[in-house]
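*Asks:* heads up, no residue letters with this:
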């Protein structure tokens, strides 16, 4: 039985900032920041093109931008999975 001073819930480090979490995550999986930056680039491009979309309807423009952003993120996730599989199975030295 746990004593009254011990918490039954797991404790997490509180000095871990968002920046240090992002740096740690990008070392573990380098395609995470690529996916984030690609998503941000597609959103920025979509906002820029929103003003100069011509005769294209707003809903069609938004659907195209959503599909482009999702495609970039899914592509980055796929590359990350392939990279981790490469590290796990092919680049790992055999004992």
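*Replies:* Thanks, I have it. Quantities reported herein were computed from a predicted structural model and do not represent experimental measurements.

*Asks:* can you tell me the helix or strand for the residue positioned nearest the centre of the chain?
*Replies:* The residue lying closest to the centre of the chain (Cα atoms, centre = their mean) is residue 32, at 4.2 Å. Secondary structure assignment for residue 32, by DSSP states H and E: helix 31-51.

*Asks:* that helix packs against which elements?
*Replies:* Applying 3 or more Cβ pairs under 8 Å, 6 or more residues apart in numbering; DSSP states H and E, one finds that helix 31-51 contacts helix 18-28, helix 58-85. C-beta: built from backbone N, CA, C; applies to glycine.

*Asks:* the ones you listed: which one's closest to residue 52?
*Replies:* Closest to residue 52 of those is helix 58-85 (Cβ to Cβ; 10.5 Å).

*Asks:* tell me the angle of the closest one relative to helix 18-28?
*Replies:* 60 degrees (axes from the mean of the first three to the mean of the last three Cα atoms, to 10 degrees).
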